[in-house]
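Asks: missing the sequence, but the structure's below:
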């Protein structure tokens, strides 16, 4: 997309990413797809921060949907609250989220 493209006139907040020519001529999805993904990642990351779902560069409101996220949440609690691994895991699973486990440990004080 060129800067000042007509499609942006109908938008309240146009986002234009000028990617330049493709490495492989005629394959417009390469750079454009990467640029789109990066912009969407920036928007969603900024949104999560503004919503208060991030504390000290860590997502504290993640869903504990799999073992990897449970382990990540356990490590966050171990580091933040100086807890042994089993205690951190128990508190995390009992509370259901890193944020709630931290609130419980801090006596009801929000962690944002």
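Replies: Sure thing, it's come through. If you're wondering where the values come from, they're calculated on a predicted model, not measured in any experiment.
Asks: And stretch 51-65, how far out from the chain middle?
Replies: 7 Å (C-alpha atoms, centre = their mean, to the nearest Å).
Asks: Show me what counts as buried in it.
Replies: If you call a residue buried by 16 or more other C-beta atoms under 10 Å, then stretch 51-65 has these buried ones: 53-55, 59-60, 62, 64. Yep, even glycine has a C-beta here, placed from its N, CA and C like the rest.
Asks: ranges for the strands of this structure?
Replies: For the chain, the strands defined by DSSP state E occupy 54-55, 58-59.
Asks: can the ones you listed go into CSV with extra columns for distance to residue 45 and mean pLDDT?
Replies: As requested, those are exported to CSV (distance: least, C-beta to C-beta, whole Å; pLDDT from 0 to 100):
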stretch, distance to residue 45, mean pLDDT
strand 54-55, 8, 86
strand 58-59, 10, 84
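Asks: wait, which of those is closest to residue 18?
Replies: Proximity to residue 18 (C-beta to C-beta) singles out strand 54-55 among the strands of the chain, at 29.4 Å.
Asks: ok, the closest one: who's next to it in the sheet?
Replies: Sheet pairing for strand 54-55, assigned by DSSP bridges, gives strand 58-59 (antiparallel).
Asks: list the contacts for residue 94?
Replies: Residues counted as contacts of residue 94 (C-beta atoms under 8 Å, 6 or more residues apart in numbering) are residue 101.
Asks: What's the separation between it and residue 48?
Replies: The gap separating residue 94 from residue 48 is 24 Å, by C-beta to C-beta, to the nearest Å.
Asks: again with residue 89
Replies: 24 Å.
Asks: neighbour count winner among the two?
Replies: Neighbour count, other C-beta atoms under 10 Å: between residue 89 and residue 48, residue 89 has more, with 19 against 15.
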